[in-house]
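Novice: here is a sequence with its predicted model. Questions after.
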Amino acid sequence: MLQFFRSGFSKYFMTALFVVLISSFVLWGGAGDVFRQAASQVAIVGDRNVTQNDFQNSFNYRMQRLTARNSEYTKEMAIGQGLGALVENTLVRTASLDEAASRLGLRITDKGLVDYIKDVPALRDNFGNFNRFAFQNMAREQGKTEKQFETLIRKEMIRSELIKTLTDSIKVPTAFQNAIFRLNNEKRSADVVQIIPANIKNIAEITDEDLKKYYDENSSRYMSPEFRTFSYIHIAADDFLNDVTVTDEQVNELYQSRLSDYTTAEKRSVKIMMFDDEAKASEAAAELSSGNDFDAVNLKLTETTADESLNDAQERSEIEEFFGKESADFIFSSKKDAVSKVINTEFGYRIFKIARIELGQITPLKDVRITLEIEVRKTKAAEILYNKHAEITESIADGNTVKEIAQALKLPIKKINGTNIYGLNKDQKPVQNLPAISEFLTTAFDVLTGDDAEIYSSTDESQYYMISMEEVIDEAIKPLEDVKEQVKLALKFSIGDKKADEISKEILAKITDGKKLSEVIKEYPDLKLETISETRIPKKKEIDRLIHKAMFDNEVGKAAIARATGGSYVIVETTASEASKAVPDATMSIQLSKMLRDSYKNDILNIYQSHLNKELPVRVNKAVTRELIKNILGAEDDNEG
């Protein structure tokens, strides 16, 4: 959370969510077994309880964040992708660290808390002073009072300090880093043969009886979708743009509030000498002090060329994250071509040379005035829209129909004649006059004939609409005559797919008996042998990922069948492996070191959590979690009904 907090809950959210969804079980694992006592709790962690209310609140908060970005994302989808398990795991993990920190007597002083909060960029005004209003807003976003939010931050700071104590001393040996790099750059070659079901020849003539049988067995594929005819009212903020007047004062006020958006931070590019031991780094420093060229010394002592040592231009925060405060202080306080002393970073001993300076700048108001004027205009138009929404809501309360509301408020009403849920008519052509609202048709297909008037909004609440259903034509199976050609093609492909499967297995069996694919393929004149090469981390996009996987899953000299993305069967025989002797350049070395360090960190935290599971102990009631998830899904079904 501290990362989220420092950035104003912006760029880190979606990245962090996907990482946690994928890795939470690997990083932290399960925490204990089902226990019998205190059956109403999700978990007992030492002297702390993880309650059902904790689970509900955490789940709901995460769902709000997800649906704010994708209105079609449902609780069922989230649970299917592991959100329920993620919430349980996160709550248990957090409670475990809180309990461990408490037993260790870890504390954050009031001064430390105040200093931390005041240092958050998102909580400063345009003059760099603490903005209490912004703090209050951030607390409300979390559903907390100011005091509760302060307590939440204090706990996060304590947990962060505990984790730093466990992991800050991690260092990645250069030899191991290079070994991983070489493994990823291993090159393999393979002979491949592709068997495409649609290209299979000598398929027996398909009879009407064959068609009827296949049609009956697969009738669900040949359904005519439900079609609906309805009238609707649609209003959007853009409808009122011409009714708005924008002043210079309003534009300037918005510019001042967004000044940080128009400020480009200074960036610096450096050349880097990298050493694992201090003695070698000191030798380099001595040569530099004697007036020797930086690039020449780097090449001599580390075999790194000038191009390889050059790092991409980065902001101070990025430099500090990778190399620490001491390195960042030097890099951003020195002139071009300045060379640092030896600096001990978490990745080893480093010497920096300032290669390039990109000064920061502020975009003047005149360059963004038009954009800001449009934004002010849209904001005021949204206020008019909101008032119009209030008028419609009041009219609905008076019992008026959609058509009556349109007449009374002088709003245009449009009609859609026969559309399916995908916006296509019976001729499979796009229906005209549909509003640009992603969920519009989904809503329309939930409305029934005779329903009371109701107003709906787009996800961003910039548009509102009402629907009056006039006719519903239920889905039905299309007659065979109408889909005969479609059924014939599907049956032909099904037969071809079965034959392709048989041929691929037949070829693989012959290879398993000791023959090479290049020999066996001579028995199949309609098939073509190809040779491909690629590294373990793919550098080309031409090779299907499943074929690539088979190349590296196979032992050299062995073969396997890969079902390629397009549906073809591919026999893949790995013929050769070539080890890499490459070493990473400066930029790749930094990225790889960080990745490996994060991996070590996750392993340490996983081990520590396992220790806490036994020591505290941690006891999780899976039955309570399952029941909570069941209730959440039930509530969504009730809402849909």
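Specialist: Perfect, thanks for sending it.
Novice: and the residue sitting furthest away from the middle of the chain, backbone torsions?
Specialist: The outermost residue of the chain relative to its centre, with distances by CA atoms, centre = their mean, is Ser290 at 50.5 Å. Backbone dihedrals for Ser290, given as degrees, to the nearest 10, come out at phi -80, psi 0.
Novice: what do you get for Asn202?
Specialist: Main-chain dihedrals, Asn202, degrees, to the nearest 10: phi 60, psi 40.
Novice: now Lys271
Specialist: Here is the backbone geometry of Lys271 (degrees, to the nearest 10): phi -100, psi 140.
Novice: check the one 5 residues further on too.
Specialist: Asp276 has phi and psi values of phi -90, psi -30 when expressed as degrees, to the nearest 10.
Novice: ditto for the one 3 residues further on
Specialist: Comment: the main-chain dihedrals of Ala279 come out as phi -60, psi -40, following degrees, to the nearest 10.
Novice: run a quick neighbour tally on it.
Specialist: Ala279 has 8 neighbouring residues, counting by other CB atoms under 10 Å. In short, each C-beta sits where N, CA and C put it, glycine included.
Novice: kindly report the same for Lys300.
Specialist: Neighbours of Lys300 using other CB under 10 Å come to 14.
Novice: let me know whether Glu326 touches Ile343 as I believe.
Specialist: Yes - contact criterion CB atoms under 8 Å: Glu326 and Ile343 qualify, at 5.5 Å.
Novice: between these two, which is the more surrounded one?
Specialist: The residue with more neighbours, out of Glu326 and Ile343, is Ile343; 18 against 15, by other CB under 10 Å.
Novice: how close does Thr419 get to Tyr232?
Specialist: Relative to Tyr232, Thr419 is positioned 11 Å away (CB to CB, to the nearest Å).
Novice: ok, the residue farthest from the centre of the chain to Lys300 distance?
Specialist: 13 Å.
Novice: secondary structure element for Gln194?
Specialist: In the assignment (DSSP states H and E), Gln194 maps to strand 187-195.
Novice: so what's Val297 up against?
Specialist: Listed by CB atoms under 8 Å, 6 or more residues apart in numbering, the contact set of Val297 reads 273, 284, 287-288.
Novice: could you say which helix or strand contains the residue nearest to it when sequence neighbours are not counted?
Specialist: Nearest in space to Val297, with sequence neighbours left out and distances taken as CB to CB, 6 or more residues apart in numbering, is Glu287 at 4.8 Å. For Glu287, the host element (DSSP H and E) is helix 278-289.
Novice: average pLDDT across that helix?
Specialist: With pLDDT averaged residue by residue, helix 278-289 scores 94.
Novice: and the contacts of it?
Specialist: 273, 275, 294, 297-298, 300-301, 339, 341-342, 344, 349-351.
Novice: format these as JSON lines; extra columns: pLDDT.
Specialist: Putting those into JSON lines (pLDDT from 0 to 100) gives the following:
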{"residue": "Met273", "pLDDT": "92"}
{"residue": "Phe275", "pLDDT": "89"}
{"residue": "Phe294", "pLDDT": "95"}
{"residue": "Val297", "pLDDT": "94"}
{"residue": "Asn298", "pLDDT": "92"}
{"residue": "Lys300", "pLDDT": "92"}
{"residue": "Leu301", "pLDDT": "92"}
{"residue": "Val339", "pLDDT": "95"}
{"residue": "Lys341", "pLDDT": "95"}
{"residue": "Val342", "pLDDT": "95"}
{"residue": "Asn344", "pLDDT": "91"}
{"residue": "Tyr349", "pLDDT": "90"}
{"residue": "Arg350", "pLDDT": "92"}
{"residue": "Ile351", "pLDDT": "95"}
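Novice: and those residues, which are buried?
Specialist: Neighbour counting by 16 or more other CB atoms under 10 Å classes 273, 275, 294, 297-298, 339, 342, 349-351 among those as buried.
Novice: what is the nearest of the residues you listed to Pro225?
Specialist: Arg350 (63.3 Å; CB to CB).
Novice: nearest spatial neighbour of the closest one, chain-adjacent residues omitted?
Specialist: Nearest one to Arg350, counting by CB to CB, 6+ apart, is Ile343 at 5.3 Å.
Novice: I figured the one you found hits Phe323, correct?
Specialist: Yes - contact criterion CB under 8 Å: Ile343 and Phe323 qualify, at 7.3 Å.
Novice: determine the residues that are contacts of both of those two.
Specialist: Jointly contacting Ile343 and Phe323 under the rule CB under 8 Å, 6+ apart are 350, 352.
Novice: gap between the two ends of stretch 332-349?
Specialist: Criterion CA to CA, to the nearest Å; first-to-last residue distance in stretch 332-349 is 19 Å.
Novice: er, stretch 128-144 actually
Specialist: Taking CA to CA, stretch 128-144 runs 25 Å from one end to the other.
Novice: buried sites along it?
Specialist: Across stretch 128-144, burial judged by 16+ other CB under 10 Å covers 131, 135, 138-139.
Novice: among those, which ones are in helices?
Specialist: Of these, the ones assigned to helices by DSSP state H are 135, 138-139.
Novice: all the strands of the stretch 451-600 of the chain, residue numbers only.
Specialist: 455-457, 463-473, 476-477, 529-535, 559-563, 569-578 (DSSP state E, counting those that start in this stretch).
Novice: helices and strands of the chain: which one bottoms out on pLDDT?
Specialist: Ranking every helix and strand in the chain by mean pLDDT, DSSP states H and E puts helix 12-28 at the bottom, with a mean of 34.
Novice: pLDDT on the helix or strand following it, on average?
Specialist: Downstream of helix 12-28, the first helix or strand assigned by DSSP H and E is strand 43-45. Averaged across strand 43-45, the pLDDT comes to 93.
Novice: next: stretch 48-67.
Specialist: Rounded to a whole number, the mean pLDDT of stretch 48-67 is 88.
Novice: got a list of contacts for that stretch?
Specialist: With contacts defined as CB under 8 Å, 6+ apart, stretch 48-67 is touched by 13, 17, 38, 40-44, 73, 75, 78, 83-84, 86-88, 90-92, 95, 98-99, 142-143, 624-625, 628, 632.
Novice: equivalent analysis for stretch 398-415, please.
Specialist: 229-235, 388, 391-392, 395-396, 433, 453, 466-468.
Novice: list the buried ones in that stretch?
Specialist: 400, 402, 405-406, 411.
Novice: do the same with stretch 575-587
Specialist: Here stretch 575-587 shows 575, 577, 583-586 as buried, counting by 16+ other CB under 10 Å.
Novice: columns distance to Ile503 and pLDDT on top of these, output as JSON lines?
Specialist: Converted to JSON lines, the buried residues of stretch 575-587 look like this (distance: CB to CB, whole Å; pLDDT from 0 to 100):
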{"residue": "Thr575", "distance to Ile503": "21", "pLDDT": "95"}
{"residue": "Ser577", "distance to Ile503": "28", "pLDDT": "95"}
{"residue": "Val583", "distance to Ile503": "45", "pLDDT": "87"}
{"residue": "Pro584", "distance to Ile503": "44", "pLDDT": "89"}
{"residue": "Asp585", "distance to Ile503": "46", "pLDDT": "88"}
{"residue": "Ala586", "distance to Ile503": "51", "pLDDT": "87"}
